[in-house]
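Chemist: sequence? don't have it. structure:
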């Protein structure tokens, strides 16, 4: 494969400005990550330490193989909400005894590890990753059940609606855990403390259960609820202690002396699973990129209006900066081609402008070709959408854009999506956005994702309002419209920001551009726990 040449001017003013802006944004993100790592704060962490309990991230660090990485999913969930940044759960992918596992951990320093709408969404995403990629599921359980605060504020009806939605989602969690077992994907629970109500069903549905002596407590209802429901005065140990469950009820399979002993047992359980990856092995003889990944900091502008060549990104994330481009002279607003990342073969689709008829057709053909040879797909977003206008409609943009979306929808090889810049409208769909089932989706700090751009949204609403007034024979209030447009544009701008999207668990995490290559490699490795098989079967196309 030819090596991509770089035209990036790393000494230019634009590059230096972009780099400085990106570093500033990364500092802000790191501050939020540090806040998430603090959990419930110093006082709550000190209370755990007084009970000889480890923080959740230390528990996870101890169970992982030495010097192995941990790919955390949605670490900034619940930012700008009533809940703690990070949502009180830690979810991610790590290696235990040489086996890639999905790991979930309740943070007992945050509302006693209780469920809330954000961490419930993270938990369900972790179960999905485990199921789709065929990865063992390990959960560190310590939960007080549902967080009853809700977010209804002074509106009790709103609080009730949220609790109903949450109940449906938490109920689905039990189904998902037991379905993993049905699919022969092992599930392991290590119970570190009190696990009540919904928290009790997590070990209840698991294949393997490890309890900690004089620390684990598992019951559908604790002593206060038992007293109110039945009148019985029950003590915690007799009702749901680890010793009772391993000797009497049979819910527990292993009884650990302490937390570290339980973590050791967890590693032993994973070691005996005899786990084998079903997907292709990477070529171990791969090269690092010729062009420095550090330079990814200066490619994208903060406001996204300045275009950039996505080949500059590709050159800094693929093996040896080698890229075999497909149809380079046709449909140039979409770059397609083959490369390798950490020895894994990959097909890449990257935006270099709006999606035109020609680029959409090229994409559909390229996706089919990758499915024929069982090669995963990487989508690199910087897309304002499919092109609109009379000439383009007459040229078949709706028809050919539909071909591309059809190909994405029916493709069965793993998809990995990186939103590096803009990701607007149906362009998000055609580039395998979250609604189209990519195995993993990540976002860069300056990225934006929305139905359309904020200015376009405000302008469309003004045009529609003006037309409605004209049809009714009414005067159009220009001043009121200007204020409304300003409000709509501000609202749309705030909610289109990548940080807002990632905090609502709309992707798997915001990443430092310099980490893009390793994050993609870890994601590809996770995908290869399952078979990588493409399809030649596609829906009816309007050819």
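Modeler: Done, it's in. Only a predicted model underlies this, so the values are computations on that prediction, with no experimental measurement involved.
Chemist: would you mind listing the buried residues in the helix or strand that contains residue 46?
Modeler: Element membership for residue 46, per DSSP states H and E: helix 42-50. The neighbour-count check on helix 42-50 (16 or more other C-beta atoms under 10 Å) flags 44, 45, 48 as buried. To be clear about C-beta, it is placed using only N, CA and C from the backbone, and glycine gets the same treatment.
Chemist: residue 362 is in contact with residue 403, correct?
Modeler: No - applying C-beta atoms under 8 Å as the test, residue 403 and residue 362 come out as separate, 10.2 Å apart.
Chemist: helices of the stretch 301-450 of the chain, residue ranges please.
Modeler: Ranges of helices in the stretch 301-450 of the chain, per DSSP state H, counting those that start in this stretch, are 310-314, 357-372, 390-394, 397-410, 425-430.
Chemist: what packs against the longest one?
Modeler: Taking 3 or more C-beta pairs under 8 Å, 6 or more residues apart in numbering; DSSP states H and E as the contact definition, the neighbouring helices and strands of helix 357-372 are strand 324-326, strand 334-341, strand 344-351, helix 397-410.
Chemist: ok, of those, where does mean pLDDT dip lowest?
Modeler: For the helices and strands packed on helix 357-372, the weakest mean pLDDT is recorded on helix 397-410, namely a mean of 93.
Chemist: check residue 152 and give its pLDDT.
Modeler: At residue 152, pLDDT is 43.
Chemist: for the remainder of this discussion, apply numbering that starts at 752.
Modeler: With the count now opening at 752, the last piece we talked about shows up as residue 903.
Chemist: redo the helices and strands packed on helix 1108-1123 as TSV? Include distance to residue 1022 and mean neighbour count.
Modeler: Below are those laid out as TSV (distance: least, C-beta to C-beta, whole Å; neighbours: other C-beta atoms under 10 Å):
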stretch	distance to residue 1022	mean neighbour count
strand 1075-1077	41	16
strand 1085-1092	29	23
strand 1095-1102	26	24
helix 1148-1161	39	20
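Chemist: so which of those gets nearest residue 1132?
Modeler: Nearest to residue 1132 among these is strand 1095-1102; the distance by C-beta to C-beta comes to 6.1 Å.
Chemist: which among the buried residues of helix 793-801 gets closest to residue 1076?
Modeler: Nearest to residue 1076, judged by C-beta to C-beta, of the buried residues of helix 793-801 is residue 796 at 51.5 Å.
Chemist: hang on, the closest one packs against residue 790?
Modeler: Yes - applying C-beta under 8 Å, one finds residue 796 in contact with residue 790, separated by 6.4 Å.
Chemist: just after the least confident helix or strand in the chain by mean pLDDT, pick out the following helix or strand.
Modeler: Sorting the helices and strands of the chain by mean pLDDT, DSSP states H and E puts helix 907-933 at the bottom, at a mean of 66. Sequence-wise, the next helix or strand downstream of helix 907-933 (DSSP H and E) is strand 938-947.
Chemist: mind checking how far that next one is from the chain centre?
Modeler: Centre-to-centre, strand 938-947 and its host chain are 24 Å apart (C-alpha atoms, centre = their mean, to the nearest Å).
Chemist: show me what that strand is packed up against.
Modeler: By 3+ C-beta pairs under 8 Å, 6+ apart, strand 938-947 packs against strand 888-894, helix 907-933, helix 949-955, strand 959-963, strand 968-970, helix 1010-1022.
Chemist: just put the ones you listed in CSV and tack on mean neighbour count and distance to residue 1168.
Modeler: Shown next, in CSV, are the helices and strands packed on strand 938-947 (neighbours: other C-beta atoms under 10 Å; distance: least, C-beta to C-beta, whole Å):
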stretch, mean neighbour count, distance to residue 1168
strand 888-894, 27, 23
helix 907-933, 14, 23
helix 949-955, 23, 30
strand 959-963, 27, 33
strand 968-970, 25, 38
helix 1010-1022, 19, 29
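Chemist: which stretch among those comes nearest residue 1176?
Modeler: helix 907-933 (27.2 Å).
Chemist: and residue 1041, what helix or strand is that in?
Modeler: Using DSSP H and E, no helix or strand contains residue 1041.
Chemist: residues contacting the nearest residue to it once chain neighbours are set aside?
Modeler: Of all residues not flanking residue 1041 in the chain, residue 1072 sits nearest, at 3.9 Å (C-beta to C-beta, 6 or more residues apart in numbering). By C-beta atoms under 8 Å, 6 or more residues apart in numbering, residue 1072 lies in contact with 754, 755, 1040, 1041, 1042, 1066.
Chemist: could I get the pLDDT score of residue 1072?
Modeler: Residue 1072 is given a pLDDT of 98.
Chemist: that one and residue 1021, how far apart?
Modeler: The gap separating residue 1072 from residue 1021 is 37 Å, by C-beta to C-beta, to the nearest Å.
Chemist: avg pLDDT for stretch 852-864?
Modeler: In this model, stretch 852-864 has an average pLDDT of 95.
Chemist: check stretch 1230-1244 too.
Modeler: Taken as a whole, stretch 1230-1244 carries a mean pLDDT of 73.
Chemist: just among the contacts of residue 1072, which is most surrounded?
Modeler: When neighbours are counted by other C-beta atoms under 10 Å, residue 1066 leads the contacts of residue 1072 with 27 neighbours.
Chemist: my guess is that residue contacts residue 758. True?
Modeler: No - Residue 1066 is beyond contact range of residue 758, at 9.9 Å (criterion: C-beta under 8 Å).
Chemist: sorry, back to before: what's the closest of the buried residues of helix 793-801 to residue 1214?
Modeler: Proximity of these to residue 1214, judged by C-beta to C-beta, is greatest for residue 795, which lies at 51.9 Å.
Chemist: any idea how far that closest one is from residue 862?
Modeler: Relative to residue 862, residue 795 is positioned 9 Å away (C-beta to C-beta).
Chemist: what pLDDT does the residue of the chain most remote from its centre get?
Modeler: Distance from the centre of the chain peaks at residue 1224, with 49.4 Å (C-alpha atoms, centre = their mean). Per-residue pLDDT puts residue 1224 at 83.
Chemist: quick check: it vs residue 1180, distance?
Modeler: Distance, residue 1224 to residue 1180, using C-beta to C-beta: 39 Å.
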